[in-house]
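In: Make a model of this:
(one chain, ligands or ions: 1)
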Amino acid sequence: MTLSLRMKLSLAFIFVALISVFMISITANYLLEKQFKQYVMEKQDSKNKEILTLITQQYTGKSTWRADVIQDIGINALETGLIVKVRDASGTVIWDATTHNSGMCDQMISNMRKNMLSRYPNWQGGYVETKYPIVINSKEVGVVEIGYYGPYYFNDSELYFINTLNRALIIVGIISLLLSLVAGSLLSNRLSAPITKVIESAKLIAKGHFSERSSQKSSTKELKELISTINYLAESLETHEKLRKQLTGDVAHELRTPLATIQSHIEAMIDGIWHPSSERLTSIHEEVTRVSKLVGDLGLLAKYEGENLVMNKTRFDISELLQKIVMNFEGKFNAKGVAIGYSGYEEVVNADRDKIAQVFVNLLSNALKYTVPGGKVEFTVESFEEFTKVTVADNGQGIPTEDLPFIFERFYRADKSRNRLTGGAGIGLAIAKSIIDAHHGSIHVNSKIDEGSTFIVFIPKKTD
Ligand code: ADP
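Out: The predicted structure is shown next:
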(Lines give C-alpha, C1' and ligand atoms only; values in the text may rest on other atoms or scores of the structure.)
Protein backbone atom coordinates (compact mmCIF):
# COMPACT_ATOMS: atom_id res chain seq x y z
CA MET A 1 0.00 0.00 0.00
CA THR A 2 1.45 3.36 -0.97
CA LEU A 3 0.54 6.30 1.19
CA SER A 4 1.34 9.92 0.51
CA LEU A 5 4.14 11.53 2.51
CA ARG A 6 1.59 13.88 4.02
CA MET A 7 -0.62 11.01 5.13
CA LYS A 8 2.35 9.09 6.55
CA LEU A 9 3.64 12.09 8.48
CA SER A 10 0.19 12.91 9.83
CA LEU A 11 -0.35 9.31 10.91
CA ALA A 12 3.07 9.26 12.56
CA PHE A 13 2.25 12.44 14.43
CA ILE A 14 -1.12 11.11 15.59
CA PHE A 15 0.51 7.88 16.70
CA VAL A 16 3.28 9.65 18.65
CA ALA A 17 0.78 12.09 20.17
CA LEU A 18 -1.56 9.28 21.23
CA ILE A 19 1.26 7.26 22.74
CA SER A 20 2.65 10.27 24.61
CA VAL A 21 -0.73 11.38 25.92
CA PHE A 22 -1.52 7.85 26.96
CA MET A 23 1.86 7.38 28.68
CA ILE A 24 1.70 10.76 30.42
CA SER A 25 -1.86 10.13 31.65
CA ILE A 26 -1.03 6.66 32.92
CA THR A 27 2.16 7.76 34.71
CA ALA A 28 0.70 10.98 36.07
CA ASN A 29 -2.44 9.20 37.23
CA TYR A 30 -0.50 6.41 38.88
CA LEU A 31 1.95 8.72 40.66
CA LEU A 32 -0.76 11.12 41.64
CA GLU A 33 -3.01 8.46 43.10
CA LYS A 34 -0.14 6.85 44.94
CA GLN A 35 0.95 10.14 46.50
CA PHE A 36 -2.57 11.13 47.29
CA LYS A 37 -3.33 7.79 48.97
CA GLN A 38 -0.18 8.17 51.04
CA TYR A 39 -1.19 11.68 52.00
CA VAL A 40 -4.72 10.62 52.98
CA MET A 41 -3.38 7.74 55.08
CA GLU A 42 -0.85 9.92 56.87
CA LYS A 43 -3.51 12.53 57.45
CA GLN A 44 -5.76 9.85 58.97
CA ASP A 45 -3.00 8.67 61.26
CA SER A 46 -2.13 12.14 62.47
CA LYS A 47 -5.82 12.90 63.02
CA ASN A 48 -6.12 9.75 65.15
CA LYS A 49 -3.06 10.70 67.18
CA GLU A 50 -4.39 14.22 67.68
CA ILE A 51 -7.66 12.81 69.06
CA LEU A 52 -5.69 10.48 71.34
CA THR A 53 -3.66 13.42 72.69
CA LEU A 54 -6.77 15.52 73.25
CA ILE A 55 -8.53 12.67 75.08
CA THR A 56 -5.43 11.86 77.15
CA GLN A 57 -5.47 15.46 78.38
CA GLN A 58 -8.97 14.89 79.73
CA TYR A 59 -7.75 12.42 82.37
CA THR A 60 -7.91 14.24 85.66
CA GLY A 61 -6.32 11.48 87.73
CA LYS A 62 -7.60 8.75 90.01
CA SER A 63 -9.74 7.20 87.26
CA THR A 64 -11.73 10.35 86.66
CA TRP A 65 -12.28 12.03 83.29
CA ARG A 66 -13.70 15.24 81.92
CA ALA A 67 -16.54 13.42 80.22
CA ASP A 68 -18.19 16.55 78.79
CA VAL A 69 -14.99 17.58 76.94
CA ILE A 70 -14.51 14.02 75.75
CA GLN A 71 -18.02 14.18 74.36
CA ASP A 72 -17.18 17.42 72.50
CA ILE A 73 -14.05 15.80 71.09
CA GLY A 74 -16.05 12.75 70.05
CA ILE A 75 -18.77 14.82 68.36
CA ASN A 76 -16.11 16.88 66.55
CA ALA A 77 -14.39 13.70 65.39
CA LEU A 78 -17.72 12.25 64.29
CA GLU A 79 -18.26 15.26 62.08
CA THR A 80 -14.97 14.57 60.36
CA GLY A 81 -15.86 10.90 59.83
CA LEU A 82 -14.29 9.22 62.87
CA ILE A 83 -16.22 7.01 65.24
CA VAL A 84 -14.57 7.38 68.63
CA LYS A 85 -15.08 5.14 71.66
CA VAL A 86 -13.28 5.83 74.95
CA ARG A 87 -12.97 3.29 77.78
CA ASP A 88 -11.24 3.57 81.13
CA ALA A 89 -8.73 1.07 82.51
CA SER A 90 -11.50 -1.19 83.78
CA GLY A 91 -13.13 -1.33 80.36
CA THR A 92 -16.08 0.88 81.25
CA VAL A 93 -17.23 3.00 78.28
CA ILE A 94 -16.76 6.73 78.98
CA TRP A 95 -18.08 7.88 75.62
CA ASP A 96 -19.20 6.02 72.49
CA ALA A 97 -20.13 7.72 69.22
CA THR A 98 -22.38 4.83 68.20
CA THR A 99 -24.50 5.18 71.31
CA HIS A 100 -24.40 8.97 70.97
CA ASN A 101 -25.69 8.99 67.39
CA SER A 102 -25.74 5.58 65.73
CA GLY A 103 -27.77 6.85 62.73
CA MET A 104 -25.13 9.46 61.88
CA CYS A 105 -22.35 6.85 62.20
CA ASP A 106 -24.08 4.51 59.77
CA GLN A 107 -24.79 7.33 57.36
CA MET A 108 -21.18 8.46 57.42
CA ILE A 109 -19.85 5.00 56.77
CA SER A 110 -22.23 4.54 53.88
CA ASN A 111 -21.30 7.99 52.51
CA MET A 112 -17.60 7.07 52.59
CA ARG A 113 -18.37 3.78 50.89
CA LYS A 114 -20.32 5.62 48.21
CA ASN A 115 -17.42 8.08 47.65
CA MET A 116 -14.91 5.31 47.29
CA LEU A 117 -17.13 3.21 45.04
CA SER A 118 -17.76 6.20 42.80
CA ARG A 119 -14.03 6.39 42.16
CA TYR A 120 -13.10 2.72 42.37
CA PRO A 121 -16.07 0.54 41.33
CA ASN A 122 -14.37 -2.59 42.71
CA TRP A 123 -13.39 -1.01 46.01
CA GLN A 124 -12.85 -3.63 48.69
CA GLY A 125 -12.73 -1.36 51.77
CA GLY A 126 -14.70 -1.67 54.98
CA TYR A 127 -15.05 -0.43 58.49
CA VAL A 128 -11.81 -0.65 60.52
CA GLU A 129 -11.06 0.12 64.12
CA THR A 130 -7.70 1.08 65.62
CA LYS A 131 -7.06 0.91 69.35
CA TYR A 132 -4.75 3.42 71.04
CA PRO A 133 -3.94 2.91 74.74
CA ILE A 134 -4.08 6.07 76.90
CA VAL A 135 -0.83 6.02 78.84
CA ILE A 136 -0.01 8.42 81.62
CA ASN A 137 3.25 8.07 83.57
CA SER A 138 3.81 4.66 81.99
CA LYS A 139 0.45 3.51 83.25
CA GLU A 140 -2.36 2.58 80.95
CA VAL A 141 -5.39 4.50 82.17
CA GLY A 142 -7.73 3.79 79.34
CA VAL A 143 -8.10 3.08 75.66
CA VAL A 144 -9.38 5.08 72.66
CA GLU A 145 -10.91 3.13 69.77
CA ILE A 146 -11.13 5.08 66.56
CA GLY A 147 -13.22 3.56 63.81
CA TYR A 148 -13.37 4.76 60.25
CA TYR A 149 -13.77 3.54 56.72
CA GLY A 150 -10.49 1.87 55.76
CA PRO A 151 -7.86 1.15 54.68
CA TYR A 152 -8.37 4.77 53.60
CA TYR A 153 -11.13 6.88 52.24
CA PHE A 154 -11.62 10.16 50.43
CA ASN A 155 -13.95 12.67 51.94
CA ASP A 156 -16.06 14.85 49.63
CA SER A 157 -13.47 17.58 49.11
CA GLU A 158 -10.65 15.09 48.61
CA LEU A 159 -12.73 13.22 46.08
CA TYR A 160 -13.55 16.47 44.35
CA PHE A 161 -9.85 17.40 44.29
CA ILE A 162 -8.67 14.12 42.76
CA ASN A 163 -11.49 14.04 40.24
CA THR A 164 -10.77 17.63 39.16
CA LEU A 165 -7.11 16.82 38.79
CA ASN A 166 -7.98 13.82 36.64
CA ARG A 167 -10.29 15.87 34.51
CA ALA A 168 -7.53 18.48 34.07
CA LEU A 169 -5.19 15.71 32.92
CA ILE A 170 -7.70 14.51 30.36
CA ILE A 171 -8.25 18.07 29.08
CA VAL A 172 -4.48 18.65 28.82
CA GLY A 173 -4.20 15.32 26.97
CA ILE A 174 -6.92 16.26 24.50
CA ILE A 175 -5.44 19.74 23.95
CA SER A 176 -1.95 18.33 23.35
CA LEU A 177 -3.41 15.73 20.98
CA LEU A 178 -5.19 18.45 19.02
CA LEU A 179 -2.07 20.66 19.05
CA SER A 180 0.11 17.82 17.80
CA LEU A 181 -2.44 17.10 15.07
CA VAL A 182 -2.34 20.73 13.95
CA ALA A 183 1.48 20.83 14.19
CA GLY A 184 1.71 17.51 12.33
CA SER A 185 -0.55 18.60 9.52
CA LEU A 186 1.27 21.97 9.24
CA LEU A 187 4.67 20.32 9.13
CA SER A 188 3.64 17.58 6.73
CA ASN A 189 2.07 20.24 4.55
CA ARG A 190 5.26 22.26 4.56
CA LEU A 191 7.24 19.17 3.61
CA SER A 192 4.91 17.64 1.07
CA ALA A 193 3.81 20.82 -0.74
CA PRO A 194 7.26 21.60 -2.23
CA ILE A 195 7.82 17.91 -3.01
CA THR A 196 4.52 17.82 -4.92
CA LYS A 197 5.59 20.91 -6.85
CA VAL A 198 9.00 19.36 -7.61
CA ILE A 199 7.24 16.19 -8.81
CA GLU A 200 5.13 18.33 -11.15
CA SER A 201 8.29 19.96 -12.53
CA ALA A 202 10.00 16.55 -12.87
CA LYS A 203 6.97 15.20 -14.78
CA LEU A 204 7.10 18.15 -17.18
CA ILE A 205 10.85 17.58 -17.65
CA ALA A 206 10.20 13.87 -18.28
CA LYS A 207 7.71 14.88 -20.99
CA GLY A 208 10.47 16.78 -22.75
CA HIS A 209 9.94 20.30 -21.40
CA PHE A 210 13.62 20.67 -20.65
CA SER A 211 13.39 24.41 -20.08
CA GLU A 212 11.20 23.76 -17.02
CA ARG A 213 12.80 24.73 -13.69
CA SER A 214 11.46 24.34 -10.19
CA SER A 215 11.31 27.72 -8.45
CA GLN A 216 10.35 26.17 -5.12
CA LYS A 217 12.07 27.53 -2.03
CA SER A 218 12.60 25.35 1.00
CA SER A 219 14.44 25.70 4.27
CA THR A 220 14.83 21.90 4.49
CA LYS A 221 18.32 20.84 3.48
CA GLU A 222 17.29 17.66 1.64
CA LEU A 223 14.47 19.43 -0.20
CA LYS A 224 16.82 22.22 -1.23
CA GLU A 225 19.19 19.59 -2.61
CA LEU A 226 16.35 17.79 -4.39
CA ILE A 227 15.19 21.02 -6.04
CA SER A 228 18.68 21.97 -7.18
CA THR A 229 19.33 18.41 -8.43
CA ILE A 230 16.12 18.41 -10.47
CA ASN A 231 17.05 21.81 -11.90
CA TYR A 232 20.55 20.59 -12.68
CA LEU A 233 19.07 17.50 -14.33
CA ALA A 234 16.79 19.67 -16.47
CA GLU A 235 19.72 21.87 -17.37
CA SER A 236 21.92 18.98 -18.50
CA LEU A 237 19.01 17.39 -20.38
CA GLU A 238 18.42 20.72 -22.09
CA THR A 239 22.10 20.95 -23.04
CA HIS A 240 22.13 17.39 -24.31
CA GLU A 241 18.96 17.90 -26.27
CA LYS A 242 20.50 21.01 -27.85
CA LEU A 243 23.67 19.07 -28.65
CA ARG A 244 21.69 16.15 -30.08
CA LYS A 245 19.82 18.46 -32.42
CA GLN A 246 23.04 20.22 -33.25
CA LEU A 247 24.71 16.87 -33.99
CA THR A 248 22.32 16.02 -36.83
CA GLY A 249 22.83 19.46 -38.29
CA ASP A 250 26.59 19.18 -37.85
CA VAL A 251 26.81 15.79 -39.58
CA ALA A 252 24.77 17.17 -42.49
CA HIS A 253 26.92 20.26 -42.60
CA GLU A 254 30.21 18.35 -42.45
CA LEU A 255 29.11 16.05 -45.28
CA ARG A 256 27.45 18.71 -47.41
CA THR A 257 30.54 20.78 -48.23
CA PRO A 258 32.85 18.00 -49.47
CA LEU A 259 29.99 16.17 -51.24
CA ALA A 260 28.91 19.37 -52.99
CA THR A 261 32.48 19.98 -54.12
CA ILE A 262 32.82 16.40 -55.41
CA GLN A 263 29.42 16.60 -57.13
CA SER A 264 30.14 19.91 -58.91
CA HIS A 265 33.62 18.77 -59.99
CA ILE A 266 32.31 15.47 -61.41
CA GLU A 267 29.34 17.15 -63.09
CA ALA A 268 31.71 19.65 -64.73
CA MET A 269 33.84 16.75 -66.01
CA ILE A 270 30.78 14.81 -67.28
CA ASP A 271 29.56 17.91 -69.11
CA GLY A 272 33.00 18.23 -70.66
CA ILE A 273 33.57 21.68 -69.06
CA TRP A 274 36.55 20.32 -67.15
CA HIS A 275 39.12 17.77 -68.21
CA PRO A 276 39.74 15.15 -65.55
CA SER A 277 43.27 16.42 -64.91
CA SER A 278 45.34 14.82 -62.16
CA GLU A 279 45.04 18.02 -59.97
CA ARG A 280 41.24 17.96 -60.20
CA LEU A 281 41.13 14.26 -59.47
CA THR A 282 43.49 14.81 -56.50
CA SER A 283 41.20 17.55 -55.22
CA ILE A 284 38.22 15.18 -55.48
CA HIS A 285 40.28 12.48 -53.80
CA GLU A 286 41.06 14.85 -50.89
CA GLU A 287 37.37 15.57 -50.37
CA VAL A 288 36.55 11.85 -50.51
CA THR A 289 39.30 11.21 -47.94
CA ARG A 290 37.88 13.92 -45.70
CA VAL A 291 34.41 12.36 -45.87
CA SER A 292 35.69 8.87 -45.25
CA LYS A 293 37.82 10.10 -42.30
CA LEU A 294 34.77 11.78 -40.85
CA VAL A 295 32.65 8.66 -41.31
CA GLY A 296 35.49 6.58 -39.85
CA ASP A 297 35.74 8.91 -36.83
CA LEU A 298 31.99 8.80 -36.30
CA GLY A 299 32.06 5.01 -36.47
CA LEU A 300 34.89 4.96 -33.94
CA LEU A 301 33.00 7.31 -31.63
CA ALA A 302 29.83 5.25 -31.91
CA LYS A 303 31.89 2.19 -31.00
CA TYR A 304 33.53 3.84 -27.98
CA GLU A 305 30.34 5.41 -26.75
CA GLY A 306 28.35 2.22 -27.25
CA GLU A 307 27.42 0.17 -24.24
CA ASN A 308 29.05 -3.01 -25.49
CA LEU A 309 32.55 -1.61 -25.78
CA VAL A 310 34.95 -4.53 -25.50
CA MET A 311 37.95 -3.58 -23.39
CA ASN A 312 41.15 -5.47 -23.93
CA LYS A 313 42.82 -4.64 -20.68
CA THR A 314 46.45 -5.54 -20.12
CA ARG A 315 49.13 -4.33 -17.75
CA PHE A 316 51.67 -2.24 -19.59
CA ASP A 317 54.13 0.60 -19.04
CA ILE A 318 52.34 3.75 -20.18
CA SER A 319 55.66 5.69 -20.26
CA GLU A 320 56.98 3.36 -22.89
CA LEU A 321 53.77 3.69 -24.96
CA LEU A 322 53.84 7.48 -24.77
CA GLN A 323 57.50 7.63 -25.73
CA LYS A 324 56.70 5.55 -28.80
CA ILE A 325 53.87 7.94 -29.74
CA VAL A 326 56.22 10.91 -29.25
CA MET A 327 58.78 9.21 -31.49
CA ASN A 328 56.16 8.68 -34.21
CA PHE A 329 55.18 12.34 -34.02
CA GLU A 330 58.72 13.71 -33.92
CA GLY A 331 58.93 14.07 -37.70
CA LYS A 332 55.72 16.13 -37.91
CA PHE A 333 56.76 18.31 -34.94
CA ASN A 334 60.17 18.96 -36.45
CA ALA A 335 58.60 19.79 -39.79
CA LYS A 336 56.35 22.42 -38.16
CA GLY A 337 59.11 23.71 -35.91
CA VAL A 338 57.37 22.82 -32.65
CA ALA A 339 59.46 21.35 -29.85
CA ILE A 340 58.26 18.26 -28.02
CA GLY A 341 59.40 17.24 -24.55
CA TYR A 342 58.66 14.18 -22.47
CA SER A 343 59.15 13.50 -18.77
CA GLY A 344 58.11 10.51 -16.73
CA TYR A 345 59.19 7.18 -15.28
CA GLU A 346 58.06 3.64 -15.76
CA GLU A 347 54.38 3.52 -14.81
CA VAL A 348 52.38 0.32 -15.20
CA VAL A 349 48.66 0.74 -15.85
CA ASN A 350 45.91 -1.78 -16.37
CA ALA A 351 44.13 -0.51 -19.48
CA ASP A 352 43.32 -1.11 -23.12
CA ARG A 353 46.65 -0.24 -24.73
CA ASP A 354 45.34 0.54 -28.24
CA LYS A 355 42.52 2.73 -26.99
CA ILE A 356 44.77 4.62 -24.57
CA ALA A 357 47.21 5.14 -27.46
CA GLN A 358 44.32 6.62 -29.47
CA VAL A 359 43.62 9.16 -26.66
CA PHE A 360 47.17 10.49 -26.64
CA VAL A 361 47.50 10.43 -30.42
CA ASN A 362 44.41 12.68 -30.54
CA LEU A 363 45.71 14.99 -27.80
CA LEU A 364 49.17 15.22 -29.34
CA SER A 365 47.88 15.88 -32.84
CA ASN A 366 45.63 18.64 -31.46
CA ALA A 367 48.59 20.13 -29.59
CA LEU A 368 50.58 20.10 -32.83
CA LYS A 369 47.64 21.47 -34.85
CA TYR A 370 46.97 24.40 -32.53
CA THR A 371 50.56 25.37 -31.68
CA VAL A 372 52.34 27.80 -33.93
CA PRO A 373 55.93 27.20 -35.10
CA GLY A 374 58.42 28.02 -32.37
CA GLY A 375 56.07 26.72 -29.69
CA LYS A 376 56.50 23.64 -27.54
CA VAL A 377 54.50 20.71 -26.27
CA GLU A 378 55.25 18.93 -22.97
CA PHE A 379 54.19 15.37 -22.18
CA THR A 380 54.33 14.35 -18.47
CA VAL A 381 53.48 11.14 -16.62
CA GLU A 382 53.05 11.22 -12.84
CA SER A 383 52.19 8.42 -10.48
CA PHE A 384 49.77 8.78 -7.55
CA GLU A 385 48.46 6.21 -5.11
CA GLU A 386 45.04 5.90 -6.71
CA PHE A 387 45.69 7.00 -10.29
CA THR A 388 48.14 7.79 -13.03
CA LYS A 389 48.15 11.37 -14.26
CA VAL A 390 49.19 12.20 -17.81
CA THR A 391 49.48 15.82 -18.91
CA VAL A 392 49.77 17.18 -22.43
CA ALA A 393 50.61 20.90 -22.25
CA ASP A 394 51.17 23.25 -25.17
CA ASN A 395 51.81 26.98 -25.44
CA GLY A 396 49.64 27.33 -28.51
CA GLN A 397 46.55 29.35 -29.33
CA GLY A 398 44.53 28.28 -26.32
CA ILE A 399 40.76 27.84 -26.11
CA PRO A 400 38.26 30.62 -25.28
CA THR A 401 36.86 30.21 -21.74
CA GLU A 402 33.25 30.09 -22.99
CA ASP A 403 34.12 27.07 -25.19
CA LEU A 404 35.84 25.06 -22.46
CA PRO A 405 32.70 23.34 -21.09
CA PHE A 406 31.81 22.00 -24.56
CA ILE A 407 35.21 21.08 -25.88
CA PHE A 408 34.65 17.33 -25.36
CA GLU A 409 31.30 17.34 -27.17
CA ARG A 410 31.07 15.87 -30.67
CA PHE A 411 31.61 18.35 -33.51
CA TYR A 412 32.38 21.13 -31.12
CA ARG A 413 35.04 23.43 -32.47
CA ALA A 414 36.24 26.43 -30.58
CA ASP A 415 36.74 28.54 -33.66
CA LYS A 416 34.76 27.32 -36.64
CA SER A 417 36.55 29.33 -39.32
CA ARG A 418 40.00 28.49 -38.00
CA ASN A 419 39.18 24.80 -37.80
CA ARG A 420 37.93 24.65 -41.36
CA LEU A 421 41.55 25.32 -42.26
CA THR A 422 42.99 22.84 -39.81
CA GLY A 423 40.60 20.25 -41.14
CA GLY A 424 39.30 18.96 -37.81
CA ALA A 425 35.66 18.01 -37.47
CA GLY A 426 35.56 18.27 -33.68
CA ILE A 427 35.48 14.55 -32.91
CA GLY A 428 38.99 13.85 -31.62
CA LEU A 429 38.33 15.00 -28.04
CA ALA A 430 34.91 13.30 -27.91
CA ILE A 431 36.65 10.02 -28.81
CA ALA A 432 39.36 10.65 -26.18
CA LYS A 433 36.73 11.33 -23.50
CA SER A 434 34.64 8.26 -24.30
CA ILE A 435 37.76 6.04 -24.07
CA ILE A 436 38.79 7.57 -20.72
CA ASP A 437 35.19 7.28 -19.44
CA ALA A 438 35.21 3.59 -20.39
CA HIS A 439 38.29 3.25 -18.16
CA HIS A 440 36.40 5.03 -15.32
CA GLY A 441 38.96 7.80 -15.51
CA SER A 442 38.53 11.49 -16.25
CA ILE A 443 39.84 14.07 -18.66
CA HIS A 444 40.10 17.82 -17.99
CA VAL A 445 41.38 20.90 -19.70
CA ASN A 446 42.91 24.15 -18.53
CA SER A 447 43.40 26.75 -21.17
CA LYS A 448 44.00 30.44 -21.69
CA ILE A 449 43.66 32.12 -25.01
CA ASP A 450 47.08 32.90 -26.58
CA GLU A 451 48.88 31.20 -23.68
CA GLY A 452 48.22 27.55 -24.34
CA SER A 453 46.22 24.53 -23.24
CA THR A 454 46.87 21.72 -20.80
CA PHE A 455 44.94 18.47 -21.09
CA ILE A 456 45.04 16.29 -17.98
CA VAL A 457 44.06 12.62 -18.01
CA PHE A 458 43.52 10.56 -14.86
CA ILE A 459 43.59 6.78 -15.24
CA PRO A 460 42.50 4.98 -12.07
CA LYS A 461 44.78 2.24 -10.75
CA LYS A 462 42.03 0.20 -9.15
CA THR A 463 40.33 -1.20 -12.22
CA ASP A 464 38.32 -4.37 -12.53
P1 ADP B 1 39.31 18.80 -34.07
O2 ADP B 1 39.32 17.64 -34.98
O3 ADP B 1 38.53 19.96 -34.56
O4 ADP B 1 40.65 19.15 -33.54
P5 ADP B 1 38.79 17.92 -31.38
O6 ADP B 1 37.62 17.26 -30.78
O7 ADP B 1 40.08 17.22 -31.27
O8 ADP B 1 38.42 18.26 -32.87
O9 ADP B 1 38.91 19.33 -30.70
C10 ADP B 1 37.79 20.14 -30.57
C11 ADP B 1 38.17 21.59 -30.57
O12 ADP B 1 38.91 21.86 -29.41
C13 ADP B 1 39.08 21.96 -31.69
O14 ADP B 1 38.33 22.32 -32.83
C15 ADP B 1 39.81 23.16 -31.12
O16 ADP B 1 39.06 24.34 -31.29
C17 ADP B 1 39.89 22.86 -29.66
N18 ADP B 1 41.20 22.29 -29.24
C19 ADP B 1 41.48 21.00 -28.99
N20 ADP B 1 42.75 20.86 -28.57
C21 ADP B 1 43.30 22.09 -28.59
C22 ADP B 1 44.58 22.62 -28.25
N23 ADP B 1 45.58 21.85 -27.84
N24 ADP B 1 44.75 23.96 -28.38
C25 ADP B 1 43.76 24.77 -28.79
N26 ADP B 1 42.51 24.33 -29.10
C27 ADP B 1 42.28 23.02 -29.00
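In: For the helix or strand harbouring Asp72, name the packing helices and strands.
Out: Asp72 is part of helix 67-79, with elements assigned from DSSP states H and E. Packed against helix 67-79 by the contact rule (3 or more C-beta pairs under 8 Å, 6 or more residues apart in numbering; DSSP states H and E) you find helix 5-56, strand 83-88, strand 93-96, helix 97-119. Yep, even glycine has a C-beta here, placed from its N, CA and C like the rest.
In: so which of these is the most packed in?
Out: Highest mean neighbour count of the helices and strands packed on helix 67-79: strand 83-88, a mean of 22 (counted as mean count of other C-beta atoms under 10 Å).
In: Where in this structure is the helix or strand with the lowest mean pLDDT?
Out: Within the chain, no helix or strand scores below helix 416-422, which has a mean of 49 by mean pLDDT, DSSP states H and E.
In: Whichever helix or strand comes after that one: which residues count as buried?
Out: Downstream of helix 416-422, the first helix or strand assigned by DSSP H and E is helix 428-438. Neighbour-count burial for helix 428-438, counted by 16 or more other C-beta atoms under 10 Å, picks out 428-436, 438.
In: What of stretch 154-163?
Out: Within stretch 154-163, the residues scored as buried using 16+ other C-beta under 10 Å are 154-155, 158-159, 162.
In: That one - what's its average pLDDT?
Out: Mean pLDDT, stretch 154-163: 84.
In: Check stretch 56-65 too.
Out: The predicted model assigns stretch 56-65 a mean pLDDT of 86.
In: before we move on, what about stretch 113-127?
Out: 82.
In: what sits up against it?
Out: 109, 112, 147-156, 159, 162-163 (C-beta atoms under 8 Å, 6 or more residues apart in numbering).
In: hmm, the helix or strand containing Gln263 in reach of the ligand?
Out: Taking DSSP H and E as the definition, Gln263 sits inside helix 221-270. No. Using C-beta under 6 Å from any ligand atom, we find that helix 221-270 stays clear of the ligand, coming within 10.6 Å at best.
In: what's that helix packed up against?
Out: Counting by 3+ C-beta pairs under 8 Å, 6+ apart, the packing neighbours recorded for helix 221-270 are helix 156-206, helix 278-305.
In: a markdown table please, covering those helices and showing distance to Asp317.
Out: Shown next, in a markdown table, are these (distance: least, C-beta to C-beta, whole Å):
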| stretch | distance to Asp317 |
| --- | --- |
| helix 156-206 | 47 |
| helix 278-305 | 23 |
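In: low-scoring stretches of the stretch 251-400 of the chain, by residue?
Out: 307 (pLDDT under 70).
In: Can you pull the residues of it lying near the ligand?
Out: Contact residues, the stretch 251-400 of the chain versus the ligand (C-beta under 6 Å from any ligand atom): 362, 366-367, 370, 394, 396-399.
In: picking that back up, arrange the helices and strands packed on helix 67-79 in a markdown table, one row each, with distance to Ile266 as further columns.
Out: Output for these, formatted as a markdown table (distance: least, C-beta to C-beta, whole Å):
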| stretch | distance to Ile266 |
| --- | --- |
| helix 5-56 | 68 |
| strand 83-88 | 135 |
| strand 93-96 | 143 |
| helix 97-119 | 113 |
